[in-house]
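Participant: Quick one, what's the 3D model for this:
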Amino acid sequence: MTNPQSVGWQASPSQLKLDTITTYATGTTALDLGCGMGWYAAALADRGMAVTGIDQHNQVTDSRITVLEQPIGTPLPFADGSFDTVVMFDILEHLPDESGILAEVSRVCRGRLLLTVPHADAGPLPQYGLTYLHYTDETHVREYLPADLRRRIEAHGFTTVRCELVGQPTVPLAFSEFVRGGHLVRQMVRYGITALYKVGLVVNEHVGPDILYIGEKHT
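Facilitator: Model prediction:
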């Protein structure tokens, strides 16, 4: 699902997401939608769970994980209530049919949903082309506010356990003094931050905040 060359793509697993799995994953079966390299699927398998991953291209080498190659957002080939935990990290913002995939997730999930999405930054810097505008993937269809995300997911049969901002926007603030400069200065700042991403010196958690959502399926 994710393109390793896109700005903001992480070259290593997020500790925040690993901690989320440790704290909130439940049961014996798990589905990782948009499993990518399989970092989070492996963390689920480490907990003794039977893990299935879905991604358009199989990049997973861990033999404990069953990977199905299909585009994210298409109907899920599983029976109702197949999974105790569904993980969906940094995926929903890419999908045009948000309601369709949430309906499918709700159908196959009998336990808990672990999800992250970008926050729709309402601060002062986006008007200068900074914060999210300097790392957001061109494939993002939308970003979210916590209350809106909560409402959309609850409409598909989940009860919210946690929905809050995570991460700190420290990197954009470090560049905020440059926004008073002209267009050329702002362009240089954007190119500079992009370069930091590409060499791995900056990752999304440093830019944040994202929204972390944990939901329980209605019983």
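Participant: pretty sure E216 is touching R110, no?
Facilitator: No - under the criterion of CB atoms under 8 Å, E216 makes no contact with R110, lying 10.1 Å away. (Glycine included, C-beta is placed from N, CA and C.)
Participant: Could you give the number of residues near A79?
Facilitator: A count of neighbours around A79, defined by other CB atoms under 10 Å, yields 9.
Participant: Give the closest residue to it in space, chain neighbours not counted.
Facilitator: Nearest residue to A79, sequence neighbours excluded (CB to CB, 6 or more residues apart in numbering): V108, at 7.5 Å.
Participant: How many residues are close by that neighbour?
Facilitator: With other CB under 10 Å as criterion, V108 counts 20.
Participant: any idea how far V166 is from it?
Facilitator: 25 Å (CB to CB, to the nearest Å).
Participant: try G53
Facilitator: For G53 relative to V166 (CB to CB), the value is 23 Å.
Participant: Tell me which of these two has more neighbours.
Facilitator: G53 (28 against 18).
Participant: Contacts only, for that one.
Facilitator: 31-32, 35, 38, 41, 60, 65-68 (CB atoms under 8 Å, 6 or more residues apart in numbering).
Participant: Leaving out the residues flanking it, which one is nearest to it?
Facilitator: C35 (3.1 Å).
Participant: residue contacts, that neighbour?
Facilitator: 41, 53-55, 60, 65, 67 are the contacts of C35 under CB under 8 Å, 6+ apart.
Participant: if we can go back for a sec, might one say that the residue nearest to A79 is in contact with G81?
Facilitator: Yes - counting by CB under 8 Å, G81 is a contact partner of V108 at 6.9 Å.
Participant: any idea whether T52 is helix, strand or coil?
Facilitator: Classification of T52 using DSSP: H, G, I helix; E, B strand; the rest coil returns strand.
Participant: where does the residue nearest to A79 land on pLDDT?
Facilitator: For V108, the pLDDT comes out at 99.
Participant: before we move on, what about the one 5 residues further on?
Facilitator: L113 is assigned 99 on the pLDDT scale.
Participant: Pretty sure it sits in a strand.
Facilitator: Yes - assignment of L113 by three-state DSSP places it within a strand.
Participant: Look up which residues are beta-bridged to it.
Facilitator: Counting by DSSP bridges, L113 forms beta bridges with V86, G215.
Participant: Now whichever strand or helix holds A43: buried residues?
Facilitator: Using DSSP states H and E, A43 sits within helix 39-46. Residues of helix 39-46 classed as buried by neighbour count (16 or more other CB atoms under 10 Å): 39-45.
Participant: That one - contacts with which helices or strands?
Facilitator: helix 15-24, strand 29-33, strand 50-55, strand 65-69, strand 83-89 (3 or more CB pairs under 8 Å, 6 or more residues apart in numbering; DSSP states H and E).
Participant: before we move on, the earlier item: so the residue nearest to G53: helix, strand or coil?
Facilitator: Here C35 is coil, with the state taken from three-state DSSP.
Participant: Appreciated, that's everything.
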